[in-house]
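In: Here is the input, now give the coordinates:
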Amino acid sequence: MSEENITRIHLNDKEYILIGTAHVSKQSAEQVKEVIEAEQPDSVCVELDQQRYQSIIDGNKWKEMDVFKVIKEKKATLLLMNLVISSFQKRMAKQFGIKPGQEMIQGIESANDVGAKLVLADRNIQITFARIWANVGFWGKAQLMFSMIGSIFNNESVTEEELERLKSEDMLDAMLSDFTKNFPKLKVPLIDERDQYLAQKIKEAPGQKIVAVLGAAHVPGIKEAIKEDHDLKPLMKIPPKSKWPKIIGWSIPAIILAIIAYTFIANPTAGVQQTISWVLWNGSFSALGAALAFGHPLAILTAFIAAPITSLNPLLAAGWFAGLVQAYFRRPNVADFESLSEDVFSLKGFWNNKVTRILLIVTLANLGSSLGTFIGGADVIRLFFENL
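Out: Got it, this is the predicted structure:
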């Protein structure tokens, strides 16, 4: 049995066998099978959390998704981000002729074959994203979203040089590699914290012999982290949201309403102009966002009507209403869910699939409304000073 990509650690009367896998390599999946069958471990740890494990074993999960529920629970953008990651992984896997995460699937199957305890050793991906999100400012968040969405529309094949880099990187880190160059501190939640989390989960796995199936990027960090004990509670904590966005979110509409009310008293004609300007800027940009996603005419109209009102209430968003109307008139069918995994490969598929179109309408209508709020608010203030 080849020892390449295998790290053996003896600690506290236990043997840990770390397999550093490539997420886009058939050989890695074959090596996982070979090692587990030869070693007959008590436990097999895989670099998955419950959510990603569930998506692997439940191929029909998309068919059971309630789009209305997703929008009402304000998870449309999060689901869109998850689809982006899925698109990236599947595109890589398709190019190299393997299933996404084949080495992890093999780890699950081989653990079952030899009667080993399966341990899901990675941190919840939503917690990782929340901790990444907390480390960037407003423009960083915008850049992160555009970076991830932009990856969908890049249909270029991976070069041999990039393939070698992918073989030694964490899949999530590989996808965000350009972004992490601009925000080096993101390496902490993306790699370092997960190294500690994975190391502790591997240490806590039952039995004397443990095999861990890991992305090669994590092996060096885990080799060091496994020597110490780590408290997982701080690593699972979602950072508290800053109060400033909430303060600003309520302050802007309060200021806008106060300015319009004062102008109406001082100069009713100017007050009418301000109101029209606010409605047109907000409504038009939000409607434009829904239109860019090829929304139903009534969804576009809903975005136009809702945006000037929802922009004055931070608890509401125009995209949610537009998305619900779109879902009502263009409800996804079984075929849309079945083709979802293929449609996320391309720009055309993303826009044509009824599921992703709803998510795009929610996201783009909200972005349009936000832009309209800034421009419309600036115009309201301009008219105020002109008519003092």
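In: if I read this right, residue 354 contacts residue 329, doesn't it?
Out: No: counting by C-beta atoms under 8 Å, residue 354 stays clear of residue 329, with 10.3 Å between them. Every residue, glycine included, has its C-beta placed from N, CA and C.
In: These two: which has the busier surroundings?
Out: For residue 354 versus residue 329, neighbours defined as other C-beta atoms under 10 Å are more numerous around residue 354 (19 against 12).
In: Which residue comes closest to that one once chain neighbours are left out?
Out: Spatially, and ignoring its direct neighbours in sequence, residue 354 is nearest to residue 332 (4.0 Å; C-beta to C-beta, 6 or more residues apart in numbering).
In: To which secondary structure element is that neighbour assigned?
Out: Using DSSP states H and E, residue 332 sits within no helix or strand.
In: Now do it, the pLDDT please.
Out: For residue 332, the pLDDT comes out at 84.
In: contacting residues for it?
Out: 67, 353-355, 358 (C-beta atoms under 8 Å, 6 or more residues apart in numbering).
In: What about those, which are in helices?
Out: By the criterion of DSSP state H, membership of those in helices covers 67, 354-355, 358.
In: Make TSV from those residues and add distance to residue 224 to it.
Out: Output for those, formatted as TSV (distance: C-beta to C-beta, whole Å):
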residue	distance to residue 224
67	45
354	48
355	43
358	45
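In: what's whatever helix or strand residue 27 lives in packed up against?
Out: Using DSSP H and E, residue 27 maps to helix 26-39. Helix 26-39 sits against strand 14-21, helix 102-114, strand 209-215, with contacts defined as 3 or more C-beta pairs under 8 Å, 6 or more residues apart in numbering; DSSP states H and E.
In: my read: residue 275 touches residue 259, true?
Out: No: using C-beta under 8 Å, residue 275 makes no contact with residue 259, being 11.0 Å away.
In: what helix or strand does residue 377 sit in?
Out: Applying DSSP H and E, one finds residue 377 within helix 354-386.
In: ok, and for that helix, which residues are buried?
Out: 354-373, 375-377, 379-380, 383-384 (16 or more other C-beta atoms under 10 Å).
In: Check stretch 212-226 too.
Out: Neighbour counts over stretch 212-226 (16+ other C-beta under 10 Å) mark 212-219, 221-222, 225-226 as buried.
In: Of all pairs in those residues, which one is the farthest apart?
Out: Largest separation among the buried residues of stretch 212-226 by C-beta to C-beta: 213 and 225, giving 16.8 Å.
In: For the stretch 251-388 of the chain, which segments are assigned as helices?
Out: Under the criterion DSSP state H, counting those that start in this stretch, the stretch 251-388 of the chain carries helices at the ranges 268-292, 297-310, 318-329, 334-338, 340-343, 347-352, 354-386.
In: What number of residues are in the vicinity of the nearest residue to residue 307 once chain neighbours are set aside?
Out: Leaving aside its sequence neighbours, residue 307 sits nearest to residue 286 (C-beta to C-beta, 6+ apart; 3.5 Å). Residue crowding around residue 286 was assessed by other C-beta under 10 Å; the count is 35.
In: Just to check, residue 286 is in contact with residue 321?
Out: No: the pair residue 286 and residue 321 fails to qualify as a contact (C-beta under 8 Å) at a distance of 9.7 Å.
In: Report the set of residues contacting both of those two.
Out: Contact criterion C-beta under 8 Å, 6+ apart; residues shared by residue 286 and residue 321: 303, 306.
In: Please enumerate residues in contact with the helix holding residue 27?
Out: The contact list for helix 26-39 (C-beta under 8 Å, 6+ apart) reads 1-2, 5-6, 17, 19, 21-22, 44, 96-98, 102-103, 105-107, 109-111, 113-114, 116, 209, 211, 213.
In: Using PyMOL, make a named selection holding only the buried ones among the residues you listed.
Out: To isolate the buried members of the contacts of helix 26-39 in PyMOL, using 16+ other C-beta under 10 Å:
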select buried, resi 5+6+17+19+21+22+44+98+102+103+105+106+107+110+111+116+211+213
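In: Output the below-cut-off pLDDT ranges for the stretch 101-250 of the chain.
Out: Of all residues in the stretch 101-250 of the chain, those with pLDDT under 70 make up the ranges 137-138, 141-142, 144-183, 185.
In: which stretches of it form helices?
Out: Per DSSP H, counting those that start in this stretch, the stretch 101-250 of the chain carries helices over the ranges 102-114, 125-133, 138-152, 160-167, 171-175, 177-182, 187, 193-204, 219-225, 232-236, 243-266.
In: wait, which of the ones you listed is closest to residue 349?
Out: Nearest of the helices of the stretch 101-250 of the chain (C-beta to C-beta): helix 138-152, 9.3 Å.
In: Max pairwise distance over the ones in helices among the contacts of residue 332: which two?
Out: Maximum pairwise distance in the ones in helices among the contacts of residue 332, criterion C-beta to C-beta, is 8.6 Å, between 67 and 354.
In: Now the common contact residues for these two.
Out: Common contacts of residue 67 and residue 354, defined by C-beta under 8 Å, 6+ apart, comprise 331-332.
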